[in-house]
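J.: Quick one, what's the 3D model for this:
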Amino acid sequence: LAHLVPSLPPLPPILNSQNIPNSKVLKDDTLSGRHPTVAGISLILSDFRGALHRSNLELASRQPPNRVQRDEVHEAFVKLAQKHLAPLESRYRDKSIFPIRDDDSVFVSLASFRDHLLGDTLKGAFDQAKHPERLFIGAVVQNCLGLNPYPGEPGVQCRTGAQVVGKDAHGRDKTKVSDAPPDRNGIAEFCNSPEYKKYCDAGQIRALYLHENESLGPAMARYYASKLWGGESYFIQVDS
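T.: Purely as a prediction, here's the structure:
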């Protein structure tokens with residue numbers, strides 16, 4: 001199981017992949033096919049995510065009369081996907097990246113969007129597993145991280161969804177959107193729990209984080225999560 005070393009740290013959000021040593025070697029070995037690893041794949045995904053984040057910030061900062069247009073956003077995404085993701089897809093097209101394990105291990109692909117129950121989902125999965133040591137999670141966490149969430153990132157003020165606050169004169173719902181604290185991080189709740197921390201330390205929780213305002217929908221989130229598979233015998237896809 002050499003492709004599982006080094007493991008991907010589940011925390012801290014966004015910066016977790018930066019804690020992986022020898023990142024360039026891991027990426028090169030994965031893209032060349034010499035020695036692919038889950039860590040190498042996560043670093044490639046993180047490079048794409050980071051480049052897309054910077055591109056989105058630049059496009060959003062443009063002022064009239066040069067305000068960004070819809071097609072420019074799409075073209076920027078395609079360009080970055082071709083640079084960062086296409087080489088990985090080309091290298092392993094029509095074949096398994098890793099040998100499939102023969103140990104009844106289970107991989108759960110899990111996409112989460114601002115979900116306050118993610119920690120409970122993880123706890124429930126391990127509590128109900130007959131062999132929790134064989135359970136591995138690939139989680140894509142799309143959360144609002146709030147203002148100044150990590151060095152160099154100004155962040156944004158988190159907001160609620162539309163809240164019903166009453167009825168208007170015609171009986172229709174009146175709604176408002178309010179400021180809100182940063183979203184709960186279910187990965188942190190799970191990994192900081194004395195009862196479940198051992199699973200995180202063992203590399204059984206693999207997490208990729210996205211700013212919620214850069215979520216590209218469930219299909220893209222599930223694509224990311226699928227790439228965190230480490231050759232486990234069974235593959236399950238769920239939402240948190």
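
J.: ok, and what's touching stretch 228-240?
T.: Stretch 228-240 has contacts (Cβ atoms under 8 Å, 6 or more residues apart in numbering) with 1, 3-4, 8, 38, 41-42, 96-112, 115, 117-118, 121, 136, 138-139, 186, 206, 208, 218, 222, 225-226. No exception for glycine: its C-beta is placed from N, CA and C like everyone else's.

J.: doesn't residue 87 fall inside a helix?
T.: Yes - Residue 87: assigned to a helix according to DSSP: H, G, I helix; E, B strand; the rest coil.

J.: And the pLDDT at the closest residue in space to it that isn't next to it in sequence?
T.: With Cβ to Cβ, 6 or more residues apart in numbering as the criterion, residue 87 has its nearest non-adjacent residue at 5.5 Å, and that residue is residue 31. The per-residue pLDDT reported for residue 31 equals 98.

J.: Show me which residues of the helix or strand residue 31 falls within are buried.
T.: Taking DSSP states H and E as the definition, residue 31 sits inside helix 23-32. Residues of helix 23-32 classed as buried by neighbour count (16 or more other Cβ atoms under 10 Å): 23, 26, 27, 29, 30, 31.

J.: cool, stretch 202-220 as well?
T.: Buried residues in stretch 202-220, counting neighbours by 16+ other Cβ under 10 Å, are found at 203, 204, 205, 206, 207, 208, 209, 210, 211, 212, 215, 220.

J.: same thing with stretch 167-174?
T.: Residues of stretch 167-174 classed as buried: none (neighbour count, 16+ other Cβ under 10 Å).

J.: Which ones among the contacts of stretch 228-240 map onto strands?
T.: 106, 107, 108, 109, 110, 111, 112, 136, 138, 139, 206, 208 (DSSP state E).
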